[in-house]
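**Student:** Prediction below, plus the sequence it came from.
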Amino acid sequence: MISHLRSLCLLVPLFLISCSSEKSDSTHYRKKLEAPSGYGLLYETGNWEHPDYAKPFESFGNQRIVVEISDSSGRNTEVTIPWRRSDSNPQAKDLIVVDASTNQIVEKRYILEVGNESGHLIFQPNPNSSRYYIYFLPHHSTGSYYPKLQYNQPTFCPDKKWVAEVEAGLKASDRLPKAKVIAFESIDDFNSFFPMEVIAAKEEVARYTARNPSDFYLFPEYRDYPVRMKDDLPQRWVNDSVQVNGLTDTALLGEYFTFQVALFSPDHHLQDVIVDLFDFEQRNGNSISKNYLTCFNLGGIDLNGKPFSKRVDVPAGKVQPLWFGLNVPEDAAAGTYQGRVVIQASGLLPDTVFIKLNVLPKEIADHGDGNPEKMSRLRWLNSTVGTDETG
């Protein structure tokens, strides 16, 4: 009797992994392309002039909010900005309001509140000017190689009489005209926060976890959008009405295909994360062996060409991306493959991410290393080139 119970106890974890590994009709693949306008705020490139980075410089910053006003009389105007920024201590950084028509700073502005999710301020616009830029990461730098950069600390309006009038109006609950937020602009595409540095509001995260109760969450993400934030979830991940648990992508023969799975738990410290890898399979029986699949976070090849393993723990409330690479063989059969990775933390039930990969009948040179944005060069981390002691 005791031996039967022991056998049953050993089979239960295997059964749970097997159940969580099977693809079902509940697989929901993440959308790859998203329209910035779908976020309630247009994200675009402003393409204003860069400073001379070779010299010491002071800059309004690489991010700005575009607002418009309908009242051209010059009355004090209020604006609330849902900027969803991820930087630490945003209240310790200055805000600069600039008249878009003249590129001159608007001196009369009063900051009511600054937080990661939004900002709230009052400013006095110039008569007959309707569009304004609000820069929220102004900084100065030493320039040249290895520059030291500091964000400008908050400054205050020098017109004390105007400030007193604003504060008196706040106490009297005066109603001010409101500016309309038009767009979120970055200096160029490289510095854009969209979409992976646009944070989800705490209320949105709470709704998501309440709708999808779990000890921990897996967020599959495409190689096109590297995970950048460790303390916040991107709004992109909690926008969906269903819980996304898959990716669908394409690769060429010989390509080193990469993808990510981010781990997050609001309440649990995830300890000793384990990843189970499985073959990528076609319906006709063709397959790509799991031996071609790697999770870089859990181990690899060191500088001496020796294999190593690494333990991964994820503190509660933190985001940990796991990067995976699949070396698609040059002689693989073209067509659609179904793959999966099963991820588990110590003491918690496993969960699964499904990968649908369409391998095209075309070969790519150098495994795709010529396109750095595809992240195929991650495979270099496990290279043994130059480690042969015999020369």
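**Tutor:** Received the coordinates, thanks. Since the structure is predicted, the reported quantities are computational estimates derived from the model, not experimental observations.
**Student:** Please make it C-alpha for all contacts and neighbour counts, starting now.
**Tutor:** Noted.
**Student:** So the protein: which segments form each domain?
**Tutor:** The chain resolves into domains spanning 21-32+208-382, 48-186 when parsed by automatic domain parsing.
**Student:** any chance of these in JSON lines, plus distance to residue 193?
**Tutor:** Conversion of the domains of the chain to JSON lines gives the following (distance: least, CA to CA, whole Å):
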{"stretch": "domain 21-32+208-382", "distance to residue 193": "10"}
{"stretch": "domain 48-186", "distance to residue 193": "8"}
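**Student:** Mean pLDDT and mean neighbour count for those - can I get that in JSON lines?
**Tutor:** As requested, these are arranged in JSON lines below (pLDDT from 0 to 100; neighbours: other CA atoms under 10 Å):
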{"stretch": "domain 21-32+208-382", "mean pLDDT": "95", "mean neighbour count": "18"}
{"stretch": "domain 48-186", "mean pLDDT": "95", "mean neighbour count": "17"}
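**Student:** CA atoms only for whichever strand or helix holds residue 209, dumped as PDB, please.
**Tutor:** Assigning secondary structure by DSSP states H and E places residue 209 in helix 202-211. The C-alpha atoms that make up helix 202-211 are tabulated as PDB, following Å, rounded to 0.1, in the frame of the first residue of the first chain:
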ATOM      1  CA  LYS A 202      -1.700  49.800 -10.800                       C
ATOM      2  CA  GLU A 203      -5.400  49.600 -11.200                       C
ATOM      3  CA  GLU A 204      -5.000  47.900 -14.600                       C
ATOM      4  CA  VAL A 205      -2.600  45.400 -13.100                       C
ATOM      5  CA  ALA A 206      -5.000  44.700 -10.300                       C
ATOM      6  CA  ARG A 207      -7.900  44.100 -12.700                       C
ATOM      7  CA  TYR A 208      -5.700  41.800 -14.800                       C
ATOM      8  CA  THR A 209      -4.600  39.600 -11.900                       C
ATOM      9  CA  ALA A 210      -8.200  39.500 -10.500                       C
ATOM     10  CA  ARG A 211      -9.500  38.400 -13.900                       C
END
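**Student:** Off-centre distance for that helix?
**Tutor:** In terms of CA atoms, centre = their mean, to the nearest Å, the gap separating the centre of helix 202-211 from the centre of its chain is 17 Å.
**Student:** Check which helices and strands that helix is in contact with.
**Tutor:** Under the contact definition 3 or more CA pairs under 8 Å, 6 or more residues apart in numbering; DSSP states H and E, helix 202-211 sits against helix 235-238.
**Student:** for whichever helix or strand comes after the helix it packs on, the distance to its chain's centre please.
**Tutor:** The helix or strand immediately downstream of helix 235-238 is strand 246-253, counting by DSSP H and E. Taking CA atoms, centre = their mean, one finds the center of strand 246-253 at 20 Å from the center of the full chain.
**Student:** And for strand 246-253, what's in contact with it?
**Tutor:** Taking contacts as CA atoms under 8 Å, 6 or more residues apart in numbering, the residues outside strand 246-253 that touch it are 27-30, 220-222, 257, 328-332, 334, 353-364.
**Student:** And stretch 143-161, by the same measure?
**Tutor:** Residues outside stretch 143-161 that contact it (CA under 8 Å, 6+ apart) are 52-57, 91-95, 107-110, 137-142, 163.
**Student:** Same check on stretch 294-311?
**Tutor:** Where contact means CA under 8 Å, 6+ apart, the residues beyond stretch 294-311 that reach it are 272-273, 275, 312, 322-326, 381-384, 387-388.
**Student:** if I pick residue 286, what's in contact with it?
**Tutor:** By CA under 8 Å, 6+ apart, the residues touching residue 286 are residue 333.
**Student:** Dihedrals phi and psi, it?
**Tutor:** In this entry, residue 286 is assigned phi and psi values of phi -60, psi 150 (degrees, to the nearest 10).
**Student:** any idea how far it is from residue 279?
**Tutor:** In this structure, residue 286 lies at 10 Å from residue 279, with CA to CA, to the nearest Å as the measure.
**Student:** how about the helices in this protein?
**Tutor:** Counting by DSSP state H, one finds helices in the chain at the ranges 2-21, 160-171, 202-211, 235-238.
**Student:** what helices or strands is the last one leaning on?
**Tutor:** Pointing back at helix 235-238 there. Packed on helix 235-238, when contacts are counted by 3+ CA pairs under 8 Å, 6+ apart, are helix 202-211.
**Student:** which residues are contacting the helix it packs on?
**Tutor:** With CA under 8 Å, 6+ apart as the contact definition, helix 202-211 has outside contacts at 233, 238.
**Student:** Next up, the contacts around the residue nearest in space to the middle of the chain.
**Tutor:** Most central in the chain under CA atoms, centre = their mean is residue 196, positioned 2.6 Å from the mean C-alpha point. When contacts are counted by CA under 8 Å, 6+ apart, residue 196 touches 225-229, 234-236.
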